[in-house]
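Student: The amino acid sequence is not available; the structure is as follows:
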């Protein structure tokens, strides 16, 4: 089944070139199907790149998905054109009266600040509180996962001595949990972060289950007992070249970044990066949409005020 997007979204042409089945609004309204309503809070500076990455990930499912892009009103985007924001994004006040099947909260390059120092923290807290009664399941990514764990459970993040950058192998735990159903014993996933949440803090909360972790990268994937809150500290949505772009950007800024680990063949950044996590990412997003959104969300969203 296709992913439904706005008629003029720039990502549409790229997805179609990649033979990904997308459906514009004109065609979608002619179908007697209730698509899943997914709200994406895009906190990343390069919003169009993140849009494309997430739409790719959400497209590999038999379910029809209708995506709405959300941004904060308390922070002005400076790396994305105002026309793009105006055409393809909504603010929270415009959608807070609605219910959604799923919510994705992306990462953000603010991890070296305390949460309370982030300009849109108060607004984000309001969105996360609203999600408890208006969203069936929320998928938090990287800093979004750390922020969600802090808001919902008071779990702190800690600075790392150096940036965690690369593609790391994680042991999958609890194969009986539907979120990791059909996963191999180990999964590879990109990480790109300066901070971390730690296992010893997570296990103090019996309502949380760790589903994948690594000796090198720490906890990757965890969820609450209901499946309404899912957290991933890595970036399963990243494209092949995303870590490469970040590495070259930081190098151009004179930051002397280390080469991302387990990413380039023979650790040679002059070569093409290896893509080893795409199947894992597709399975993860498909399992989330199927088992924690589609299977439990009410047909009439207004009936799901307290899922």
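Tutor: Yep, it's here. Everything numeric here is computed off the predicted structure, so don't read it as measured data. Numbering: from 1, shown residues only.

Student: So residue 188 belongs to a strand, correct?
Tutor: Yes - counting by DSSP: H, G, I helix; E, B strand; the rest coil, residue 188 is part of a strand.

Student: List the contacts of it.
Tutor: 167, 168, 169, 170, 262, 276, 277, 280 (CB atoms under 8 Å, 6 or more residues apart in numbering). From N, CA and C alone the C-beta is placed, and that goes for glycine too.

Student: Which pair of those spans the longest distance?
Tutor: Taking CB to CB as the measure, the contacts of residue 188 span a maximum distance of 14.0 Å, between 262 and 280.

Student: ok so, going back, of the contacts of residue 188, buried ones?
Tutor: Neighbour counting by 16 or more other CB atoms under 10 Å classes 167, 168, 169, 170, 276, 277, 280 among these as buried.

Student: which regions of this protein lie under the pLDDT threshold?
Tutor: For the chain, the stretches with pLDDT under 70 are 1-5, 19-33, 302-307.

Student: Run through the strands of the protein in chain order.
Tutor: Using DSSP state E, the strands of the chain run over 3-5, 22-24, 36-41, 65-71, 89-91, 100-105, 135-141, 158-172, 186-196, 208-214, 218-224, 229-232.

Student: out of those, which comes closest to residue 59?
Tutor: Across the strands of the chain, residue 59 has its closest neighbour in strand 3-5 (4.4 Å, CB to CB).

Student: ok, the contacts of residue 188 vs residue 237, which is closest?
Tutor: For the contacts of residue 188, the nearest to residue 237 is residue 277 (9.7 Å; CB to CB).

Student: Identify the residue nearest the closest one in space, chain neighbours excluded?
Tutor: Taking CB to CB, 6 or more residues apart in numbering, and ignoring the residues beside it in sequence, residue 277 has residue 188 as its nearest neighbour in space, at 4.7 Å.

Student: Is that neighbour bridged to anything, and to what?
Tutor: Beta-bridge pairing for residue 188 (DSSP bridges): residue 169.

Student: how far away is it from residue 88?
Tutor: For residue 188, the distance to residue 88 (CB to CB, to the nearest Å) stands at 31 Å.

Student: Provide a list of residues in contact with residue 68.
Tutor: By CB under 8 Å, 6+ apart, the neighbours of residue 68 are 37, 38, 39, 40, 90, 95, 100.

Student: What is the neighbour count of the first one?
Tutor: In other words, residue 37. Neighbourhood size, residue 37 [other CB atoms under 10 Å]: 22.

Student: bridging residues for the residue most central in space within the chain?
Tutor: Nearest to the mean C-alpha position of the chain, counting by CA atoms, centre = their mean, stands residue 141 at 4.0 Å. Legend: beta-bridge partners of residue 141 under DSSP bridges are residue 232.
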